[in-house]
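*Asks:* model the structure of this input:
(one chain, ligands or ions: 1)
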Amino acid sequence: MKSTPALANPQAKINLMGLDRRALEGFFVERGEKPFRARQVLKWIHGRGIVDFEAMTDLSKLLRERLSRTAEITVLKEARSQKSADGTRKWLLELADGNRIETVFIPEARRGTLCVSSQVGCALNCAFCATARQGFSRNLTAGEIVAQVWHAHRILGDGHISNVVLMGMGEPLLNFDAVVSALDLMMDDLAYGFAKRRVTVSTAGLVPAILRLGQQSDASLAVSLHATTDALRNELVPINRKYPLAQLMDACYQFIHMERQKGRKITWEYVLLDGVNDSGEDARRLIKLLSNIPSKINLIPFNRFEGAPYRCPPTERIARFQAILQEAGFLTTVRKTRGDDIDAACGQLVGKVQAKSRPRREYKLAVELP
Ligand code: SAH
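*Replies:* Sure thing, here's the model as predicted:
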(Lines give C-alpha, C1' and ligand atoms only; values in the text may rest on other atoms or scores of the structure.)
Protein backbone atom coordinates (compact mmCIF):
# COMPACT_ATOMS: atom_id res chain seq x y z
CA MET A 1 0.00 0.00 0.00
CA LYS A 2 1.12 3.51 -0.67
CA SER A 3 1.01 5.84 2.26
CA THR A 4 -0.08 9.22 1.04
CA PRO A 5 1.98 12.11 2.36
CA ALA A 6 -1.31 13.90 3.09
CA LEU A 7 -1.94 11.54 5.99
CA ALA A 8 1.26 12.63 7.67
CA ASN A 9 0.72 16.30 6.90
CA PRO A 10 -2.78 17.35 5.90
CA GLN A 11 -1.43 20.45 4.19
CA ALA A 12 1.02 18.57 1.98
CA LYS A 13 0.01 18.34 -1.64
CA ILE A 14 -0.04 14.90 -3.17
CA ASN A 15 2.38 14.41 -6.05
CA LEU A 16 0.48 12.79 -8.91
CA MET A 17 3.60 12.19 -11.02
CA GLY A 18 4.31 8.78 -9.50
CA LEU A 19 0.76 7.45 -9.11
CA ASP A 20 0.08 4.54 -11.41
CA ARG A 21 -3.39 4.00 -12.88
CA ARG A 22 -4.71 2.08 -9.87
CA ALA A 23 -3.37 4.59 -7.35
CA LEU A 24 -4.67 7.54 -9.35
CA GLU A 25 -8.12 5.94 -9.63
CA GLY A 26 -8.04 5.50 -5.86
CA PHE A 27 -7.07 9.15 -5.47
CA PHE A 28 -10.12 10.31 -7.42
CA VAL A 29 -12.57 7.84 -5.91
CA GLU A 30 -11.52 8.89 -2.39
CA ARG A 31 -12.45 12.42 -3.38
CA GLY A 32 -15.88 11.46 -4.70
CA GLU A 33 -14.83 11.64 -8.35
CA LYS A 34 -15.29 9.06 -11.08
CA PRO A 35 -12.34 6.69 -11.59
CA PHE A 36 -12.09 7.60 -15.30
CA ARG A 37 -10.63 10.95 -14.23
CA ALA A 38 -7.44 8.97 -13.67
CA ARG A 39 -7.30 8.05 -17.33
CA GLN A 40 -7.74 11.66 -18.38
CA VAL A 41 -5.06 12.90 -16.02
CA LEU A 42 -2.60 10.14 -16.99
CA LYS A 43 -2.91 11.19 -20.61
CA TRP A 44 -2.32 14.82 -19.74
CA ILE A 45 0.72 14.27 -17.56
CA HIS A 46 2.58 11.53 -19.35
CA GLY A 47 1.09 11.43 -22.84
CA ARG A 48 1.06 15.15 -23.46
CA GLY A 49 3.57 16.34 -20.89
CA ILE A 50 1.15 18.79 -19.26
CA VAL A 51 1.66 19.42 -15.54
CA ASP A 52 -0.51 22.51 -15.10
CA PHE A 53 -3.98 21.51 -13.94
CA GLU A 54 -5.45 24.66 -15.52
CA ALA A 55 -4.53 23.33 -18.96
CA MET A 56 -6.41 20.05 -18.47
CA THR A 57 -9.43 21.25 -20.37
CA ASP A 58 -11.51 18.07 -20.20
CA LEU A 59 -11.77 18.41 -16.41
CA SER A 60 -14.39 20.75 -14.98
CA LYS A 61 -13.17 24.12 -13.77
CA LEU A 62 -14.17 23.17 -10.25
CA LEU A 63 -12.11 19.97 -10.33
CA ARG A 64 -9.13 21.78 -11.78
CA GLU A 65 -9.24 24.28 -8.95
CA ARG A 66 -9.55 21.57 -6.39
CA LEU A 67 -6.60 19.71 -7.85
CA SER A 68 -4.47 22.85 -7.85
CA ARG A 69 -5.13 23.25 -4.15
CA THR A 70 -4.56 19.67 -3.04
CA ALA A 71 -2.22 18.09 -5.57
CA GLU A 72 0.87 18.82 -7.58
CA ILE A 73 2.83 17.24 -10.42
CA THR A 74 6.48 17.51 -9.58
CA VAL A 75 9.04 17.64 -12.37
CA LEU A 76 12.81 17.65 -11.93
CA LYS A 77 15.05 20.64 -12.43
CA GLU A 78 17.64 20.24 -15.14
CA ALA A 79 20.95 21.15 -13.53
CA ARG A 80 22.99 20.21 -16.58
CA SER A 81 22.45 18.72 -20.02
CA GLN A 82 25.29 17.17 -22.03
CA LYS A 83 25.47 15.69 -25.49
CA SER A 84 28.20 13.26 -26.49
CA ALA A 85 29.90 13.19 -29.87
CA ASP A 86 28.02 9.93 -30.55
CA GLY A 87 24.62 11.47 -29.79
CA THR A 88 24.28 10.08 -26.26
CA ARG A 89 22.58 12.55 -23.95
CA LYS A 90 23.06 12.88 -20.23
CA TRP A 91 20.97 14.97 -17.89
CA LEU A 92 21.90 15.89 -14.36
CA LEU A 93 18.55 16.33 -12.64
CA GLU A 94 17.97 17.98 -9.31
CA LEU A 95 15.49 16.68 -6.77
CA ALA A 96 13.49 18.83 -4.37
CA ASP A 97 15.98 18.13 -1.56
CA GLY A 98 19.00 19.21 -3.59
CA ASN A 99 20.26 15.72 -4.38
CA ARG A 100 21.14 15.17 -8.02
CA ILE A 101 20.77 12.12 -10.19
CA GLU A 102 21.74 11.24 -13.74
CA THR A 103 19.62 10.00 -16.63
CA VAL A 104 21.10 8.91 -19.96
CA PHE A 105 19.59 8.56 -23.44
CA ILE A 106 21.35 6.31 -25.94
CA PRO A 107 20.15 6.60 -29.56
CA GLU A 108 20.85 3.66 -31.86
CA ALA A 109 19.84 2.85 -35.42
CA ARG A 110 16.65 1.05 -34.56
CA ARG A 111 15.98 2.01 -30.97
CA GLY A 112 16.50 4.66 -28.35
CA THR A 113 17.23 3.56 -24.82
CA LEU A 114 16.65 5.65 -21.75
CA CYS A 115 18.74 4.66 -18.75
CA VAL A 116 16.99 5.68 -15.54
CA SER A 117 18.20 5.93 -11.93
CA SER A 118 16.32 4.33 -9.04
CA GLN A 119 18.24 5.60 -6.00
CA VAL A 120 20.42 8.53 -5.00
CA GLY A 121 23.77 6.77 -4.93
CA CYS A 122 23.96 3.06 -4.26
CA ALA A 123 24.53 0.89 -1.21
CA LEU A 124 25.77 -2.25 -2.91
CA ASN A 125 29.38 -1.23 -3.26
CA CYS A 126 30.34 -3.22 -6.35
CA ALA A 127 34.10 -3.03 -6.73
CA PHE A 128 34.17 -1.76 -10.34
CA CYS A 129 31.36 0.82 -10.23
CA ALA A 130 31.78 4.59 -9.87
CA THR A 131 28.32 5.04 -8.35
CA ALA A 132 29.41 2.88 -5.40
CA ARG A 133 32.09 5.43 -4.52
CA GLN A 134 29.37 7.98 -3.86
CA GLY A 135 27.77 6.02 -1.06
CA PHE A 136 24.03 5.85 -0.59
CA SER A 137 21.67 8.66 0.27
CA ARG A 138 18.08 7.56 -0.27
CA ASN A 139 15.54 5.84 -2.46
CA LEU A 140 13.87 7.81 -5.23
CA THR A 141 10.10 8.09 -5.03
CA ALA A 142 8.02 6.61 -7.86
CA GLY A 143 7.42 10.21 -8.95
CA GLU A 144 11.14 10.92 -9.15
CA ILE A 145 11.75 7.78 -11.20
CA VAL A 146 8.94 8.53 -13.65
CA ALA A 147 9.88 12.21 -13.80
CA GLN A 148 13.14 11.15 -15.48
CA VAL A 149 11.14 9.56 -18.30
CA TRP A 150 8.84 12.59 -18.38
CA HIS A 151 11.83 14.91 -18.70
CA ALA A 152 13.58 12.99 -21.47
CA HIS A 153 10.33 12.47 -23.37
CA ARG A 154 9.51 16.15 -23.20
CA ILE A 155 12.92 17.13 -24.53
CA LEU A 156 13.31 14.42 -27.17
CA GLY A 157 9.69 14.39 -28.35
CA ASP A 158 7.52 11.43 -29.37
CA GLY A 159 9.01 8.35 -30.96
CA HIS A 160 12.58 8.64 -29.73
CA ILE A 161 12.54 6.51 -26.61
CA SER A 162 11.66 2.88 -27.36
CA ASN A 163 13.33 1.15 -24.41
CA VAL A 164 13.76 1.98 -20.75
CA VAL A 165 16.35 0.28 -18.58
CA LEU A 166 16.69 0.75 -14.85
CA MET A 167 20.45 0.69 -15.18
CA GLY A 168 21.27 4.13 -13.88
CA MET A 169 22.31 4.92 -10.35
CA GLY A 170 21.13 2.58 -7.61
CA GLU A 171 19.79 -0.92 -7.09
CA PRO A 172 16.17 -0.91 -8.26
CA LEU A 173 15.13 -3.97 -6.28
CA LEU A 174 16.15 -2.27 -3.02
CA ASN A 175 13.47 0.32 -3.85
CA PHE A 176 10.86 -2.22 -4.80
CA ASP A 177 7.45 -0.54 -4.41
CA ALA A 178 8.42 2.75 -6.01
CA VAL A 179 10.09 0.91 -8.88
CA VAL A 180 7.08 -1.32 -9.54
CA SER A 181 4.71 1.70 -9.67
CA ALA A 182 7.09 3.53 -11.98
CA LEU A 183 7.34 0.45 -14.24
CA ASP A 184 3.55 0.24 -14.40
CA LEU A 185 3.37 3.81 -15.65
CA MET A 186 6.08 3.22 -18.23
CA MET A 187 4.12 0.27 -19.66
CA ASP A 188 0.64 1.83 -19.34
CA ASP A 189 -0.80 2.75 -22.74
CA LEU A 190 -2.29 5.92 -21.30
CA ALA A 191 1.09 7.01 -19.94
CA TYR A 192 4.18 6.00 -21.96
CA GLY A 193 3.03 2.69 -23.41
CA PHE A 194 6.43 1.03 -23.72
CA ALA A 195 6.31 -2.66 -24.65
CA LYS A 196 6.89 -5.05 -21.76
CA ARG A 197 9.96 -6.54 -23.35
CA ARG A 198 11.39 -3.07 -23.71
CA VAL A 199 11.23 -2.11 -20.06
CA THR A 200 14.01 -3.79 -18.12
CA VAL A 201 14.96 -3.87 -14.48
CA SER A 202 18.61 -4.60 -13.79
CA THR A 203 19.64 -6.10 -10.47
CA ALA A 204 22.87 -7.10 -8.83
CA GLY A 205 20.98 -10.14 -7.52
CA LEU A 206 18.50 -9.56 -4.70
CA VAL A 207 17.07 -13.04 -4.69
CA PRO A 208 13.76 -12.58 -2.79
CA ALA A 209 12.96 -9.40 -4.72
CA ILE A 210 13.55 -11.13 -8.08
CA LEU A 211 10.74 -13.53 -7.31
CA ARG A 212 8.44 -10.74 -6.09
CA LEU A 213 9.15 -8.80 -9.25
CA GLY A 214 8.02 -11.75 -11.34
CA GLN A 215 4.77 -11.87 -9.39
CA GLN A 216 4.04 -8.15 -9.45
CA SER A 217 5.39 -6.73 -12.70
CA ASP A 218 5.53 -7.46 -16.42
CA ALA A 219 8.93 -5.87 -16.83
CA SER A 220 11.90 -7.84 -18.15
CA LEU A 221 14.90 -8.76 -16.06
CA ALA A 222 18.61 -8.18 -16.45
CA VAL A 223 21.05 -9.58 -13.92
CA SER A 224 24.51 -8.19 -13.30
CA LEU A 225 26.44 -11.43 -13.02
CA HIS A 226 30.09 -10.47 -13.65
CA ALA A 227 31.61 -13.60 -12.12
CA THR A 228 31.11 -17.35 -12.32
CA THR A 229 32.47 -18.41 -8.93
CA ASP A 230 31.30 -17.33 -5.49
CA ALA A 231 34.86 -16.48 -4.51
CA LEU A 232 35.22 -13.87 -7.24
CA ARG A 233 31.63 -12.65 -7.15
CA ASN A 234 31.91 -12.05 -3.40
CA GLU A 235 34.66 -9.56 -4.20
CA LEU A 236 33.14 -7.91 -7.27
CA VAL A 237 29.47 -7.87 -6.28
CA PRO A 238 29.43 -8.10 -2.48
CA ILE A 239 25.67 -8.75 -2.29
CA ASN A 240 26.73 -12.24 -3.43
CA ARG A 241 27.81 -12.93 0.15
CA LYS A 242 24.19 -12.72 1.17
CA TYR A 243 22.72 -14.39 -1.96
CA PRO A 244 25.33 -16.70 -3.47
CA LEU A 245 25.31 -17.92 -7.06
CA ALA A 246 23.34 -21.11 -6.50
CA GLN A 247 20.46 -19.16 -4.93
CA LEU A 248 20.64 -16.49 -7.60
CA MET A 249 20.52 -18.96 -10.47
CA ASP A 250 17.66 -20.80 -8.85
CA ALA A 251 15.63 -17.58 -8.45
CA CYS A 252 16.33 -16.63 -12.06
CA TYR A 253 15.22 -20.05 -13.26
CA GLN A 254 11.96 -19.65 -11.38
CA PHE A 255 11.51 -16.07 -12.60
CA ILE A 256 11.86 -16.80 -16.28
CA HIS A 257 9.41 -19.68 -16.08
CA MET A 258 6.67 -17.54 -14.56
CA GLU A 259 3.53 -17.03 -16.62
CA ARG A 260 4.13 -13.33 -17.21
CA GLN A 261 7.60 -13.96 -18.64
CA LYS A 262 6.54 -16.53 -21.25
CA GLY A 263 8.85 -16.60 -24.25
CA ARG A 264 11.29 -14.09 -22.83
CA LYS A 265 14.93 -14.34 -21.86
CA ILE A 266 16.99 -13.03 -18.99
CA THR A 267 19.71 -10.60 -19.99
CA TRP A 268 23.00 -11.28 -18.22
CA GLU A 269 25.33 -8.37 -17.85
CA TYR A 270 28.97 -9.31 -17.56
CA VAL A 271 31.52 -6.56 -17.17
CA LEU A 272 34.85 -7.68 -18.64
CA LEU A 273 37.80 -6.90 -16.37
CA ASP A 274 41.25 -7.54 -17.76
CA GLY A 275 42.83 -10.65 -16.22
CA VAL A 276 40.08 -10.92 -13.60
CA ASN A 277 37.03 -12.59 -15.17
CA ASP A 278 37.81 -12.77 -18.89
CA SER A 279 39.51 -16.16 -19.39
CA GLY A 280 38.31 -19.06 -21.52
CA GLU A 281 37.67 -20.91 -18.32
CA ASP A 282 35.40 -18.10 -17.12
CA ALA A 283 33.47 -18.26 -20.39
CA ARG A 284 33.02 -22.02 -20.09
CA ARG A 285 31.83 -21.74 -16.49
CA LEU A 286 29.36 -19.10 -17.64
CA ILE A 287 27.99 -21.45 -20.29
CA LYS A 288 27.47 -24.10 -17.65
CA LEU A 289 25.78 -21.72 -15.22
CA LEU A 290 23.28 -20.52 -17.83
CA SER A 291 22.70 -23.87 -19.48
CA ASN A 292 19.08 -24.28 -18.38
CA ILE A 293 17.92 -20.65 -18.50
CA PRO A 294 16.69 -18.84 -21.65
CA SER A 295 19.40 -16.22 -21.83
CA LYS A 296 21.06 -13.48 -23.76
CA ILE A 297 24.43 -12.22 -22.67
CA ASN A 298 25.58 -8.66 -22.75
CA LEU A 299 29.32 -8.24 -22.31
CA ILE A 300 30.30 -4.80 -21.03
CA PRO A 301 33.92 -3.80 -21.57
CA PHE A 302 34.98 -2.12 -18.33
CA ASN A 303 34.52 1.64 -18.36
CA ARG A 304 37.30 3.51 -16.60
CA PHE A 305 36.84 6.02 -13.86
CA GLU A 306 39.32 7.75 -11.65
CA GLY A 307 40.88 5.49 -9.04
CA ALA A 308 39.44 2.28 -10.48
CA PRO A 309 41.67 -0.74 -9.85
CA TYR A 310 40.67 -2.50 -13.12
CA ARG A 311 41.37 -2.28 -16.82
CA CYS A 312 39.40 -3.16 -19.90
CA PRO A 313 40.70 -6.30 -21.68
CA PRO A 314 42.25 -5.93 -25.14
CA THR A 315 39.78 -6.16 -28.04
CA GLU A 316 40.95 -9.64 -29.14
CA ARG A 317 40.36 -11.02 -25.68
CA ILE A 318 36.83 -9.62 -25.62
CA ALA A 319 36.16 -11.09 -29.06
CA ARG A 320 37.45 -14.49 -27.94
CA PHE A 321 35.24 -14.46 -24.85
CA GLN A 322 32.25 -13.57 -27.00
CA ALA A 323 33.08 -16.26 -29.58
CA ILE A 324 33.15 -19.02 -26.95
CA LEU A 325 29.67 -18.04 -25.76
CA GLN A 326 28.32 -17.73 -29.28
CA GLU A 327 29.68 -21.13 -30.26
CA ALA A 328 27.75 -22.56 -27.33
CA GLY A 329 24.59 -21.04 -28.83
CA PHE A 330 24.15 -17.97 -26.64
CA LEU A 331 23.03 -14.72 -28.18
CA THR A 332 25.95 -12.58 -27.04
CA THR A 333 26.47 -8.90 -27.67
CA VAL A 334 29.31 -6.63 -26.65
CA ARG A 335 27.90 -3.40 -25.34
CA LYS A 336 29.30 -0.49 -27.26
CA THR A 337 30.78 2.09 -24.99
CA ARG A 338 28.55 5.07 -25.51
CA GLY A 339 28.88 8.56 -24.22
CA ASP A 340 32.16 8.01 -22.39
CA ASP A 341 33.33 11.49 -23.39
CA ILE A 342 30.64 12.82 -21.05
CA ASP A 343 31.01 10.05 -18.43
CA ALA A 344 27.62 8.64 -19.36
CA ALA A 345 28.71 5.02 -19.81
CA CYS A 346 27.78 2.10 -17.52
CA GLY A 347 29.14 2.52 -14.05
CA GLN A 348 30.20 6.12 -14.62
CA LEU A 349 27.08 7.80 -13.28
CA VAL A 350 27.69 9.69 -10.11
CA GLY A 351 25.16 12.53 -9.91
CA LYS A 352 25.79 14.54 -6.83
CA VAL A 353 24.94 12.64 -3.74
CA GLN A 354 24.59 13.92 -0.27
CA ALA A 355 25.51 10.55 1.10
CA LYS A 356 24.33 9.41 4.47
CA SER A 357 26.44 6.31 4.44
CA ARG A 358 29.80 5.88 2.85
CA PRO A 359 30.98 2.58 1.47
CA ARG A 360 33.49 0.83 3.68
CA ARG A 361 36.79 -0.52 2.41
CA GLU A 362 36.11 -4.14 3.07
CA TYR A 363 33.11 -4.19 0.70
CA LYS A 364 30.46 -4.29 3.35
CA LEU A 365 26.99 -3.30 2.33
CA ALA A 366 26.00 0.17 3.40
CA VAL A 367 22.41 -0.76 4.34
CA GLU A 368 20.52 -3.57 6.03
CA LEU A 369 19.04 -5.90 3.46
CA PRO A 370 15.53 -7.30 3.56
N1 SAH B 1 22.33 -2.03 -9.44
C2 SAH B 1 21.78 -2.54 -10.67
C3 SAH B 1 21.55 -1.45 -11.68
C4 SAH B 1 22.80 -0.78 -12.22
S5 SAH B 1 22.95 -1.27 -13.86
C6 SAH B 1 22.69 -3.62 -11.20
O7 SAH B 1 23.73 -3.86 -10.62
O8 SAH B 1 22.32 -4.29 -12.16
C9 SAH B 1 24.51 -0.73 -14.33
C10 SAH B 1 25.29 -1.82 -15.02
O11 SAH B 1 26.61 -1.33 -15.33
C12 SAH B 1 25.48 -3.00 -14.10
O13 SAH B 1 25.50 -4.19 -14.81
C14 SAH B 1 26.84 -2.70 -13.53
O15 SAH B 1 27.43 -3.83 -12.98
C16 SAH B 1 27.56 -2.18 -14.75
N17 SAH B 1 28.76 -1.41 -14.41
C18 SAH B 1 29.03 -0.78 -13.26
N19 SAH B 1 30.23 -0.20 -13.30
C20 SAH B 1 30.75 -0.46 -14.52
C21 SAH B 1 31.96 -0.09 -15.17
N22 SAH B 1 32.85 0.67 -14.57
N23 SAH B 1 32.13 -0.52 -16.43
C24 SAH B 1 31.19 -1.26 -17.05
N25 SAH B 1 30.03 -1.62 -16.49
C26 SAH B 1 29.81 -1.23 -15.24
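*Asks:* surely Ala23 touches Ala178?
*Replies:* No. Using C-beta atoms under 8 Å, Ala23 is not in contact with Ala178, being 11.5 Å away. Where C-beta positions appear, they are placed from N, C-alpha and C, glycine not excepted.
*Asks:* does the closest residue to the ligand within the chain count as helix, strand or coil?
*Replies:* Scanning the chain for proximity to the ligand using C-beta to the nearest ligand atom identifies Gly347 as nearest, at 1.8 Å. The local conformation at Gly347, judged by DSSP: H, G, I helix; E, B strand; the rest coil, is coil.
*Asks:* mind listing what it touches?
*Replies:* For Gly347, the contact set (C-beta atoms under 8 Å, 6 or more residues apart in numbering) comprises 128-131, 271, 302-303, 305.
*Asks:* tell me how far it lies from Cys115.
*Replies:* 11 Å (C-beta to C-beta, to the nearest Å).
*Asks:* before we move on, what about Gln134?
*Replies:* From Gln134 to Cys115 the distance is 17 Å (C-beta to C-beta).
*Asks:* swap in Asn277?
*Replies:* Asn277 sits 23 Å away from Cys115 when distances are taken as C-beta to C-beta.
*Asks:* do Leu62 as well
*Replies:* 41 Å.
*Asks:* ok, those two, which is more surrounded?
*Replies:* Applying other C-beta atoms under 10 Å to Leu62 and Cys115 shows that Cys115 carries more neighbours, namely 27 against 8.
*Asks:* which residues does that one form a beta bridge with?
*Replies:* Here Cys115 sits in beta bridges with Val104, Val165, as judged by DSSP bridges.
*Asks:* now do the contacts for it.
*Replies:* 103-106, 165, 167-168.
*Asks:* going by distance to Arg284, which of these wins?
*Replies:* Checking the contacts of Cys115 against Arg284 with C-beta to C-beta, the nearest one is Met167 at 26.9 Å.
*Asks:* what domains does the record give for this structure?
*Replies:* Listed by automatic domain parsing, the domain ranges of the chain are 14-72, 77-365.
*Asks:* could you tell me the least trusted of the ones you listed?
*Replies:* Of all the domains of the chain, domain 77-365 carries the lowest average pLDDT, namely a mean of 93.
*Asks:* what lies in contact with the biggest helix by length in the chain?
*Replies:* Secondary structure of the chain per DSSP state H: the longest helix is helix 142-156. Helix 142-156 is contacted by residues 15-20, 45-46, 49, 74-76, 78, 81, 89, 91, 93, 95, 101, 103, 105, 112, 114, 116-118, 160-161, 164, 166, 168, 177-179, 181-182, 185-186, 192 when judged by C-beta under 8 Å, 6+ apart.
*Asks:* just give the nearest non-adjacent residue to the residue of the chain closest to the ligand, would you?
*Replies:* Among residues not flanking Gly347 along the chain, Cys129 sits closest, at 4.4 Å (C-beta to C-beta, 6 or more residues apart in numbering).
*Asks:* I figured that neighbour hits Met167, correct?
*Replies:* No. Assessed by C-beta under 8 Å, Cys129 is found out of contact with Met167, at 11.2 Å.
*Asks:* got a list of contacts for stretch 294-309?
*Replies:* Counting by C-beta under 8 Å, 6+ apart, 127-128, 130, 133, 222, 256, 264-274, 286, 290, 310-313, 318, 321-322, 325, 330-335, 337, 340, 343, 345-348 sit against stretch 294-309.
*Asks:* so is that stretch next to the ligand?
*Replies:* Yes. Using C-beta under 6 Å from any ligand atom, stretch 294-309 comes into contact with the ligand via 300, 302-303.
*Asks:* which of the domains of the chain is buried the deepest?
*Replies:* For the domains of the chain, average neighbour numbers computed from mean count of other C-beta atoms under 10 Å are highest in domain 77-365, which has a mean of 19.
*Asks:* filter the contacts of helix 142-156 down to the ones in helices?
*Replies:* Applying DSSP H to those, the entries found in helices are 177-179, 181-182, 185-186.
*Asks:* can you tell me the element the spatially closest residue to Asn292 that is not a sequence neighbour falls in?
*Replies:* With sequence-adjacent residues excluded and distances taken as C-beta to C-beta, 6+ apart, Asn292 is closest to Tyr253, at 6.6 Å. Using DSSP states H and E, Tyr253 maps to helix 245-256.
*Asks:* I'd like the next helix or strand past that helix.
*Replies:* strand 266-272.
*Asks:* which strands or helices does that following strand pack on?
*Replies:* strand 199-203, strand 220-224, helix 245-256, strand 295-301, helix 315-327 (3 or more C-beta pairs under 8 Å, 6 or more residues apart in numbering; DSSP states H and E).
*Asks:* helix, strand, or coil at the residue nearest to Pro314 when sequence neighbours are not counted?
*Replies:* Spatial nearest neighbour of Pro314, chain neighbours left out: Asp274 (7.5 Å); criterion: C-beta to C-beta, 6+ apart. Recorded secondary structure, Asp274: coil (three-state DSSP).
*Asks:* just checking, Asp274 touches Ile318?
*Replies:* No. Using C-beta under 8 Å, Asp274 is not in contact with Ile318; the gap is 9.6 Å.
*Asks:* just to revisit the earlier point, quick check: the farthest pair among the contacts of Gly347?
*Replies:* Farthest pair in the contacts of Gly347 (C-beta to C-beta) is Thr131 and Phe302. Separation: 14.4 Å.
*Asks:* all strands of the stretch 51-200 of the chain, in order?
*Replies:* Counting by DSSP state E, counting those that start in this stretch, the stretch 51-200 of the chain has these strands, from start to end: 71-72, 77-83, 89-94, 100-107, 112-115, 119-121, 136-139, 163-166, 199-203.
*Asks:* each with direction, which strands does the first one pair with?
*Replies:* Sheet neighbours of strand 71-72, with direction, are listed as strand 14-15 (parallel) (DSSP bridges).
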